[in-house]
Structure formats: structure tokens, C-alpha cells
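Student: sequence plus predicted model, see below.
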Amino acid sequence: AIAGGFFAALSSVSAKLAVDRNTSLITEAVHQVMPKADIALLAFMTRGIMLLGIAAANFFMWLFFTKALRYGDSTPRVMMLQTVSNFVTTAAFGVYLFGDVLSMRWWCGATLIALGLTLLNSEK
């Protein structure tokens, strides 16, 4: 379930890179290494690679999620672990790759969601 959450976050990163200005930064960096390559073709290829990354990350997310459901002891626990893993990984990617600043509101919301999932998962 934790790996599923990681791949769900990785899918989001690939999607953001496919449409964000960082795609042009990646394309320009590759163009520096390969100056004779057509910049439009490099941009197209970069977006294509990111779209393949979305598909691959989604495939692995579902693979690990279904395996966790099969071998896990309860569906809510698997969902809780995957969601919390996704939140933590998304936050780390956002901060380290995109320079996002996570506000106190974000932390409070993520904490409340994690607590709510824990309460739903707890034994009566």
C-alpha cells in the first residue's frame, strides 16, 4: 500500500512535468547536451516521456494497491496506508522538485485526513 501511494504521487509529478514550465526547462537542458537536435522535437519527446511516466506510475500504483488488498488484513487499513503514503510523498516531491511551500492549512488538512482515516480504521 505504501508503494502504491508512492507511485500515485509519482504519477502526479509526471503529469505536472508534462504540462508545467519545468518541461521546457528539461527540454532546454537536453538541448544544451544535444544542440543539433530540433527543440520542438525535444519538447514533444519530453512530453511523451512524461505521459508514459503517468501510465507506468498508474500501472504500478494499481498493481501494488491490488496486491495490498489481496494480502492485507483489511481494506480500510490498505486505503489508509496508501492515502497517507501518497500525501507524504506528494509533499516531499512538491517541496524538493517544485519548490512548493506547504502552509499550515495544508499540514492541518493532511493531519485531519490521516486522523480521520485512522479513526475509521480503528477497532471499536
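Tutor: Sure thing, it's come through. Residues are numbered from 1 along each chain as shown.

Student: can you pull out the strands in this protein?
Tutor: Counting by DSSP state E, the chain forms no strands at all.

Student: any stretches of it with poor pLDDT?
Tutor: 22, 124 (pLDDT under 70).

Student: tell me where it has helices.
Tutor: With DSSP state H applied, the chain shows helices at 2-19, 22-33, 39-71, 75-98, 104-121, listed in chain order.

Student: can you redo these as CSV with mean neighbour count?
Tutor: Yep, even glycine has a C-beta here, placed from its N, CA and C like the rest. Output for those, formatted as CSV (neighbours: other C-beta atoms under 10 Å):
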stretch, mean neighbour count
helix 2-19, 20
helix 22-33, 14
helix 39-71, 15
helix 75-98, 17
helix 104-121, 12
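
Student: got the phi and psi for residue 20?
Tutor: phi -90, psi 170 (degrees, to the nearest 10).

Student: what is the burial count for it?
Tutor: For residue 20, the neighbour count with other C-beta atoms under 10 Å is 14.

Student: distance of residue 92 from residue 100?
Tutor: 10 Å (C-beta to C-beta, to the nearest Å).

Student: correction: the previous question concerned residue 121.
Tutor: 28 Å.

Student: and if you look at residue 108?
Tutor: From residue 108 to residue 100 the distance is 16 Å (C-beta to C-beta).

Student: same thing with residue 18?
Tutor: On the measure of C-beta to C-beta, residue 18 and residue 100 end up 17 Å apart.

Student: for residue 78, same thing?
Tutor: Between residue 78 and residue 100 the distance is 28 Å, computed by C-beta to C-beta.

Student: tell me the contacts of the nearest residue to residue 81 once chain neighbours are set aside?
Tutor: Nearest residue to residue 81, sequence neighbours excluded (C-beta to C-beta, 6 or more residues apart in numbering): residue 1, at 3.7 Å. Residues in contact with residue 1 (C-beta atoms under 8 Å, 6 or more residues apart in numbering) are 64-65, 68, 72, 77-79, 81-82, 85.

Student: farthest pair in those residues?
Tutor: Greatest spatial distance in these: 64 and 77, 14.5 Å, computed using C-beta to C-beta.

Student: so residue 50 touches residue 15, yeah?
Tutor: Yes: applying C-beta atoms under 8 Å, one finds residue 50 in contact with residue 15, separated by 7.4 Å.
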